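# Below is the sequence, then the predicted model.
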Amino acid sequence: MSRLLITDAHLLHPETGTRTDPAWIEVADGRIAATGTGRPPGAGQDVRVLNAAGATVLPGLIDAHVHLLVTSLDLPAVASWTPGYLAVRALAEAERMLRRGFTTVRDVGGADHGMARALAEGLALGPRLVHGGKALSQTGGHGDLRPLGDDSVPCCESRPHFARIADGVDAVRAAARDEFRKGASHLKVLLSGGVASPHDEIAAVQYSEEEIRAAVEEAENHNRYVTVHAYHPRAIDRALRAGVRCVEHGNLIDDATIALLLEQNAFLVPTLVAYERTAELGRQSGLPESSYGKLTEVRDHGLAALEKAHQAGVNLVYGSDLLGPLHSAQLEEFTLRAEVQPAADVIRSATSTAARLLRMEGEIGTLAPGAHADLLVVDGDPLADLAVLTRPERHLRHVVKAGAVL
């Protein structure tokens with residue numbers, strides 16, 4: 001049994017938003033065994049002792065909206081890549097995410113059981129991967145990226161992709177069952193237009209209520225849940241009434257939708273940094289020309305929607321939704337949210353609240369005994385200055401994944 005003892009550390013507990021006086025944390029066999037103040041337990045020959053020298057130890061971060069497989073926005077080039085090449089690129093990005101401090105990520109379109117297995121077995125270095133397989137899109141929806149001149153009928157859809165097309169209640173049921181058969185921990189359904197999809201409108205509503213209910217029923221039958229890509233009240237309200245548990249983005253929500261989120265005790269995963277970084281890069285981001293008007297529409301309302309949801313007490317979870325060359329900005333979401341949220345709440349969204357969404361409370365996002373020993377050792381106090389988290393090159397001293405110090 002491997003053991004690790006971290007001493008002289010300030011422990012940051014996200015559940016309460018508190019940072020302790022100098023303390024210690026003991027790890028055994030990849031799990032947190034105990035924490036305490038005062039004299040640490042004795043260290044035998046089989047214990048690695050890590051003196052934090054006054055640094056802060058907090059749970060590893062959780063990004064609940066990533067697309068590991070989308071490492072390029074050059075769609076013609078991607079079409080010629082083999083599944084093996086796509087997977088290698090994705091796993092390389094996974095390692096970079098871990099080194100930024102993300103010890104768990106939820107992939108909401110693209111990653112599969114093979115990637116999750118490779119990471120779990122240590123064949124590649126990266127965070128714990130909670131994957132949902134391919135998202136479901138209607139024909140002409142956010143996940144249908146065929147050129148307008150392409151009249152072919154989607155068949156088999158066996159290539160790696162972030163989405164698959166399913167129309168009608170029976171097809172949605174079959175696709176949901178297939179993704180759960182392949183180990184999906186959740187199912188994502190695309191309910192409105194998107195920025196990256198060139199041929200739909202943000203204001204469009206995609207999928208009928210009957211189709212959404214079919215997806216929710218299949219998820220509940222498999223003890224899983226549905227999350228939806230949606231920006232505006234028409235789509236989000238339809239989803240919540242159908243029993244959806246989580247909403248991605250939500251930039252255009254109004255007071256009535258916020259009330260419905262609270263009534264359903266649902267989760268909201270804003271992804272502000274995706275729009276900010278894409279707008280900053282402009283045409284260099286590789287986004288289709290038709291996407292820029294939609295980008296402005298959702299970007300201009302995102303921060304205000306987050307502030308309203310925060311003030312109302314909605315369950316808010318950290319997400320980045322960065323694609324291709326934008327992944328390096330993954331930590332900048334902290335900076336944007338700090339404009340309207342206290343640091344403790346932003347940290348909670350990337351730890352304990354995210355763990356509740358993933359149904360892994362007590363397992364990740366906490367320093368409680370029994371949890372996975374996924375930890376960050378940082379110089380400074382993130383509760384006083386979130387730059388302690390957003391500048392890993394300056395502040396991130398160690399990443400600990402399942403008790404192993406990187």
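Great, that's in hand.
# Compute the number of surrounding residues for residue 46.
Other residues lying near residue 46 total 8 when counted by other C-beta atoms under 10 Å. Glycine gets a C-beta too; all of them are placed from N, C-alpha and C.
# what's the neighbour count on the closest residue to it other than its chain neighbours?
Leaving out its chain neighbours, the residue that sits closest to residue 46 by C-beta to C-beta, 6 or more residues apart in numbering is residue 3, at 6.0 Å. Around residue 3 there are 17 other residues, counting by other C-beta under 10 Å.
# beta partners of residue 3?
With DSSP bridges as the criterion, the beta-bridge partners of residue 3 are residue 28, residue 47.
# So it versus residue 33, what's the distance?
Per C-beta to C-beta, to the nearest Å, residue 3 is found 8 Å from residue 33.
# so what sits against both of those two?
Common neighbours of residue 3 and residue 33 (criterion: C-beta atoms under 8 Å, 6 or more residues apart in numbering): 26-27.
# So for the residue nearest to residue 46, what's the pLDDT?
In this model, residue 3 is scored at 92, pLDDT.
# residues contacting it?
Applying C-beta under 8 Å, 6+ apart, the residues near residue 3 are 26-29, 33, 44, 46-48.
# Go through these and name the one nearest residue 152.
Closest approach between these and residue 152, by C-beta to C-beta: residue 29, at 52.3 Å.
# Could you report the pLDDT at the closest one?
As summarised for this prediction, residue 29 has a pLDDT of 94.
# which residue ranges form the strands in the stretch 251-400 of the chain?
In the stretch 251-400 of the chain, the segments counted as strands under DSSP state E, counting those that start in this stretch are 267-269, 315-316, 375-378, 396-401.
# Now tell me what touches the shortest one from outside.
Where contact means C-beta under 8 Å, 6+ apart, the residues beyond strand 315-316 that reach it are 261, 265-270, 306, 309-310, 341, 345, 349, 353, 356-357.
# hmm, 7 Å instead?
265-268, 270, 309-310, 349, 353 (C-beta atoms under 7 Å, 6 or more residues apart in numbering).
# for stretch 5-25, the distance to its chain's centre please.
For stretch 5-25, the separation from the chain centroid amounts to 25 Å (computed by C-alpha atoms, centre = their mean, to the nearest Å).
# What are the buried residues along it?
Going by neighbour count (16 or more other C-beta atoms under 10 Å), the buried part of stretch 5-25 is 5-7, 9-15, 19-20, 23-25.
# sorry, back to before: which one of the contacts of residue 3 is nearest to residue 62?
When the contacts of residue 3 are compared for distance to residue 62, the smallest value, 18.8 Å, is given by residue 27; criterion: C-beta to C-beta.
# how many neighbours does that closest one have?
By other C-beta under 10 Å, 25 other residues sit near residue 27.
# can you tell me which residues contact it?
Going by C-beta under 7 Å, 6+ apart, residue 27 touches 3-4, 33, 373, 403.
# Filter the contacts of residue 3 down to the buried ones and express that as a PyMOL selection.
For selection in PyMOL, the members of the contacts of residue 3 meeting the burial criterion (16+ other C-beta under 10 Å) are listed in this command:
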select buried, resi 26+27+28+33
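# Buried residues in stretch 123-134, which are they?
124-134.
# is the closest residue in space to residue 358 that isn't next to it in sequence in a bridge, and if so with what?
In space, not counting the residues next to it along the chain, residue 358 is nearest to residue 130; the distance is 5.6 Å by C-beta to C-beta, 6+ apart. In this entry, residue 130 is beta-bridged to residue 106, by DSSP bridges.
# my read: residue 130 touches residue 103, true?
No. Look at residue 130 against residue 103 with C-beta atoms under 7 Å: they stay out of range, at 11.6 Å.
# ok so, going back, closest one of the buried residues of stretch 5-25 to residue 86?
Proximity of the buried residues of stretch 5-25 to residue 86, judged by C-beta to C-beta, is greatest for residue 14, which lies at 34.2 Å.
# Quick one: residues contacting the closest one.
With the criterion set at C-beta under 7 Å, 6+ apart, residue 14 makes contact with 58-59, 347-348, 351-352, 365.
# which non-adjacent residue is nearest it?
Counting by C-beta to C-beta, 6+ apart, residue 351 is the residue found nearest to residue 14 once chain neighbours are left out, at 4.1 Å.
# so that neighbour makes contact with residue 62?
Yes. Look at residue 351 against residue 62 with C-beta under 7 Å: they come within range, at 6.3 Å.
# could you point out the longest helix in the protein?
In the chain, taking DSSP state H as the definition, the longest helix is helix 292-312.
# List the buried residues for that one?
The neighbour-count criterion (16+ other C-beta under 10 Å) identifies 292, 294-295, 297-299, 301-303, 305-306, 308-310 as the buried residues of helix 292-312.
# same for that helix, what does it pack against?
If you count contacts as 3 or more C-beta pairs under 7 Å, 6 or more residues apart in numbering; DSSP states H and E, helix 292-312 packs onto helix 255-263, helix 272-281.
# Give me the distance between residue 45 and residue 3.
From residue 45 to residue 3 the distance is 10 Å (C-beta to C-beta).
# Equivalent analysis for residue 326, please.
Remark: distance between residue 326 and residue 3 (C-beta to C-beta) = 39 Å.
# quick revisit: who touches the residue nearest to residue 358 in this structure?
Each residue near residue 130 by C-beta under 7 Å, 6+ apart is listed here: 104, 106, 185, 358.
# From the residues you listed, pick the one nearest residue 198.
The closest of the contacts of residue 130, once distances to residue 198 are taken by C-beta to C-beta, is residue 106, at 25.9 Å.
# pretty sure that closest one contacts residue 358?
Yes. Between residue 106 and residue 358 there is a contact under C-beta under 7 Å: 6.2 Å.
# The two - which one has more neighbours?
It is residue 106, of residue 106 and residue 358, that has more neighbours when counted by other C-beta under 10 Å, with 28 against 23.
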